[in-house]
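J.: kindly return the folded structure for what I paste below:
(one chain, ligands or ions: 1)
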Amino acid sequence: MPPKPLARVTDPAQLDQATGPQAKLELRVPASWLVEGCALEVAVPKVLCCARCDGGGCDSCGRGGALRAPAELSQRTIQMNLPGEHTTAVQLRIAQPFDDSEIDQLLVHLHPGAPTTTGVRRVGTRMQLAPASLASWVQPALKIALVLLAILLLALALTR
Ligand SMILES: [Zn+2]
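T.: Next comes the predicted model:
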């Protein structure tokens, strides 16, 4: 099964307010990847550090300090898009990173350095994912434009 693309970007304000379990993941990647931007495939470890308490234990992680990713490797292998134009560390936030998991958000810290963290693979150039907000705006606008064009053509045909 191919890793599912992470196109489900939700409203950032909504993510800020989310109270569900958040896990964090520290990754080291070549500095050039952060500068150029690229698509990554990451085999996420089975056990992740709780981002809310940094492993110390809180209500969100049941005091354990850790959160579990799916046991199946294919279920916890995810793709992410590095935006590029970064010379220092980058943080990505992925909402609902796994299909079947208690983890609500995954905070991924990407630091420039070597060697690249095991399980991290560059799979291509930046994925051309339209931001959800843009796509949802463009589609209705396009439909309205087509309807207006149809009305205009009809009006022209009638006045002839
Ligand atoms: Zn915690």
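J.: mind listing the strands for this structure?
T.: All strands of the chain, identified by DSSP state E, fall at 22-29, 38-43, 47-50, 66-68, 77-82, 90-95, 105-112, 120-124.
J.: parallel or antiparallel, list what pairs with the second one.
T.: This means strand 38-43. Strand 38-43 has its sheet partners listed here by DSSP bridges as strand 77-82 (antiparallel), strand 120-124 (antiparallel).
J.: switch the ones you listed over to a markdown table; also include mean pLDDT and mean neighbour count.
T.: (C-beta placed from N, C-alpha, C; glycine too.) A markdown table is the format used below for the strands paired with strand 38-43 (pLDDT from 0 to 100; neighbours: other C-beta atoms under 10 Å):
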| stretch | mean pLDDT | mean neighbour count |
| --- | --- | --- |
| strand 77-82 | 92 | 21 |
| strand 120-124 | 92 | 15 |
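J.: columns distance to residue 109 on top of those, output as JSON lines?
T.: Shown next, in JSON lines, are those (distance: least, C-beta to C-beta, whole Å):
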{"stretch": "strand 77-82", "distance to residue 109": "12"}
{"stretch": "strand 120-124", "distance to residue 109": "12"}
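J.: and these as JSON lines, adding distance to the ion?
T.: As requested, the strands paired with strand 38-43 are exported to JSON lines (distance: least, C-beta to the ion, whole Å):
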{"stretch": "strand 77-82", "distance to the ion": "21"}
{"stretch": "strand 120-124", "distance to the ion": "24"}
